[in-house]
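# what's the 3D shape of this:
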Amino acid sequence: MDKGRAINNWNVAVGRPDWDTTEDVNPNATEDKFRHVIADSQFGDAMYITNGLPYIHRLEYGWSKKSPAGMVRVTAIELQPLANQIAARIRNGVGG
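Okay, the predicted model is just below:
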């Protein structure tokens with residue numbers, strides 16, 4: 001039974017990966033963690049998005065009926081055009 005443990009074990013950290021895990025299944029916990037870390041980060045910081053659950057690799061590679069194509073891989077593909085736009089703006093000195 002899906003209790004939300006996988007989604008709540010995504011961590012974002014600056015400078016080093018965070019492999020900690022939690023039993024928390026609060027649907028807002030992950031978003032709150034991400035907002036806090038991102039708000040405190042600075043341009044150029046190395047950010048790491050990790051999940052320390054032992055079965056997260058299986059979920060990413062087809063074990064989940066909810067997301068058989070994966071989660072992170074799909075999101076990375078969807079966000080690539082936005083990342084390219086941001087990089088182009090930085091290279092061209094265009095703000096915002």
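# all strands for the protein, in order.
10-14, 47-51 (DSSP state E).
# mind listing what the first one pairs with, with the direction of each?
Strands adjacent to strand 10-14 in the sheet, as given by DSSP bridges, are strand 47-51 (antiparallel).
# could you measure from the closest residue to residue 34 other than its chain neighbours over to residue 33?
Nearest non-adjacent residue to residue 34, counting by CB to CB, 6 or more residues apart in numbering: residue 12, 5.0 Å away. The way it works is simple: take the backbone N, C-alpha and C, and place the C-beta from them, glycine included. Using CB to CB, to the nearest Å, we find residue 12 at a distance of 6 Å from residue 33.
# just residue 21 next, same as before
From residue 21 to residue 33 the distance is 13 Å (CB to CB).
# what's the answer for residue 44, then?
From residue 44 to residue 33 the distance is 21 Å (CB to CB).
# who has more neighbours, these two?
Between residue 44 and residue 33, residue 33 has the larger neighbour count (other CB atoms under 10 Å), namely 18 against 5.
# distance of that one from residue 23?
For residue 33 relative to residue 23 (CB to CB), the value is 15 Å.
# now the nearest residue to residue 16 once chain neighbours are set aside, which residues is it bridged with?
The shortest distance from residue 16 to any non-neighbouring residue, by CB to CB, 6+ apart, is to residue 48 (6.7 Å). Bridge pairing for residue 48 (DSSP bridges) gives the partners residue 13.
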